[in-house]
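J.: just a sequence and a predicted model for now, questions to come.
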Amino acid sequence: MLTKSLFKTGQDCPKSLWMTVHRPEEKAPLSAANQARMTSGQAVGELARTRYPGGTLVQPWGLTTEESIEHTRAAMGNGDAYIFEATFSKDEFLARADILIRQEEGWHLQEVKASGRYKKEDHLNDVAFQVFVARRAGLKIVKASVLHLNKDHIWNGEPFEANSVFAETDITAEVESVLDQIAQSSTSYIELWEKAEYPMLDGTAPHFDPGIRPTCRDCDFKKHCFDRAPKDHIFFVGMHHSRVKKLKGEGITLVGDVPAGFVTDAKEKLRFDALLTKESQVSGELASRLAEIQYPAYLIDFETLRPDLPIIPGTSPFELLPFQWSCHILSEPPLTDENVGIHREFLHLEPSDPRPEFCRSLHDLLSKGGSILIYSKYEITTLKDLAAKGIPFAQDLLDLAPTRFIDLEDILKECYADHRFGGQTSIKAVLPVVCPELSYKGLAIQNGDQAQIEYIQTYSAKLTPERRTEIFDALKEYCKLDTLAMVKVLKALYLKT
């Protein structure tokens, strides 16, 4: 049956939908980050139900679909005002509404989202599919809304009060406007998955067809497609997806077929030439960009989290909480393997607000002069947020940005490209090329999502001291490698001059 999750998959990529049905064994395992989001979403959903005392939960676990449907019918027939996880089906379509609210003229279908606002691009078709199936099953849906977290709510430390922590957005009119489109798409997805083989496009089975959608890099079936990809496909230039789509519309998929003059942007041309020639490309401006760095240089990286439900009194849903920084301090350019500088770090170890000590300790470190190297603008964005919140020392740190902050990723984007980067410039895409002996693979924590998942556990009183220590040690090792990786990237750039 076509469920909401399968419908959403089809919206992202019809081929991914077909693969989910016909090649489920090739689907990537559920990541720790996605598992954490599911767990968090379940907690938000459970809290949302407390807005409606006396509601009936149609238990979605341990029951067959038919049993869930029967339980839903029974609750509706009993006159229940609120029904949670209401299940309905018709033909080959199945939906389960988070909350059904009885109205005089019918039912109000409400979807709960662990989001700080209604996001049309993410939520509209999701809710509309539920309404489409519900009406097809015979329910009279007279209202549709999204119940999301209220980012203006300030938590006082007491048990969450659902009427305050949530806000509702009525999207009934928007849902009505797309229902015909939802019906057409749903029918087409059923027709697609009934095919034993994925249909040919332009005479070629699309085992690899990225570029039109940026989501390809995060797809559950990325390995299936990318393993079959021509290594000189235009997708790996790293062009904006609209430009890739334009070329594909003209029948061009390989860099060797791109017409002269199409690539004019200097940064894009570096990546294009690297992929075309399979040789690294260096801009003549690299030496002058590196000459901007004043030593001692501080290579810094932040770890932060945005908990959907606040964990610190006085904060709001999704409020930014930086809890860790790492810094490698270089007294001179890192031209040798031995010159990795001095390492300094901060990690907030108490279940309290990390921001004041985070800013104070960082200010103490950076107040002596020299360039401050970051990798992307995220650190500056974080400091802007902290300054707006009035966190002591945050504005002082932000004031350093115009004269002392240098974005190392910007230098790399503008001055150096290698086809093995795959059109990307993230530290994890670049490091295996410039320093293959250094890797995140052996670490207990290997990315920022994992760092957030692990750190937030330390606010739980149920966590054992031993487990808390394990998490803190793993966080230190991970964040230290982030700034050491920056040292290695900087060294690689120097060696290209």
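T.: Right, received. Where do you want to start?

J.: report the spatially closest residue to I427, excluding sequence-adjacent ones.
T.: A485 (5.2 Å; Cβ to Cβ, 6 or more residues apart in numbering). Any C-beta I mention is one placed from the backbone N, CA and C, and that applies to glycine too.

J.: what's the helix or strand for that neighbour?
T.: If you go by DSSP states H and E, A485 is part of helix 465-495.

J.: my read: the residue nearest to I427 touches L431, true?
T.: Yes. With contact defined as Cβ atoms under 8 Å, A485 reaches L431; the gap is 4.8 Å.

J.: which residues are common contacts for these two?
T.: Residues touching both A485 and L431 (Cβ atoms under 8 Å, 6 or more residues apart in numbering): L438.

J.: so G54: helix, strand or coil?
T.: coil (DSSP: H, G, I helix; E, B strand; the rest coil).

J.: next up, the contacts around it.
T.: Per Cβ under 8 Å, 6+ apart, neighbours of G54: A81, Y82.

J.: list the buried ones in the helix holding A485?
T.: Within helix 465-495, the residues scored as buried using 16 or more other Cβ atoms under 10 Å are 471-472, 474-476, 478-493.

J.: show me which residues of stretch 337-351 are buried.
T.: In stretch 337-351, counting by 16+ other Cβ under 10 Å, buried: V340, G341, R344, E345, F346, L347, H348.

J.: I should have written stretch 349-369 there, sorry.
T.: D353, P354, R355, E357, F358, C359, R360, S361, L362, L365, L366.

J.: I figured the last one hits L400, correct?
T.: Just to be clear, that refers to L366. Yes. The criterion here is Cβ under 8 Å, and L366 meets it with L400 at 6.5 Å.

J.: where does pLDDT dip in the protein?
T.: 60, 200-214 (pLDDT under 70).

J.: try 50 this time
T.: Scanning the chain for pLDDT under 50 picks out 201-205, 210-211.

J.: please parse it into its domains.
T.: 4-193, 214-281, 287-495 (automatic domain parsing).

J.: got CSV for those domains, with distance to P199 too?
T.: Below are the domains of the chain laid out as CSV (distance: least, Cβ to Cβ, whole Å):
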stretch, distance to P199
domain 4-193, 8
domain 214-281, 16
domain 287-495, 28
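
J.: okay, strands next: where are they in the stretch 301-450 of the chain?
T.: 321-330, 342-347, 372-374, 405-407, 416-417 (DSSP state E, counting those that start in this stretch).

J.: tabulate the ones you listed (CSV), appending distance to Q11.
T.: Formatted as CSV, the strands of the stretch 301-450 of the chain follow (distance: least, Cβ to Cβ, whole Å):
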stretch, distance to Q11
strand 321-330, 32
strand 342-347, 40
strand 372-374, 35
strand 405-407, 35
strand 416-417, 33
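
J.: could you report the neighbour count for the nearest residue to R102 once chain neighbours are set aside?
T.: Nearest non-adjacent residue to R102, counting by Cβ to Cβ, 6+ apart: A81, 4.9 Å away. A81 sits with 14 neighbouring residues when counted by other Cβ atoms under 10 Å.
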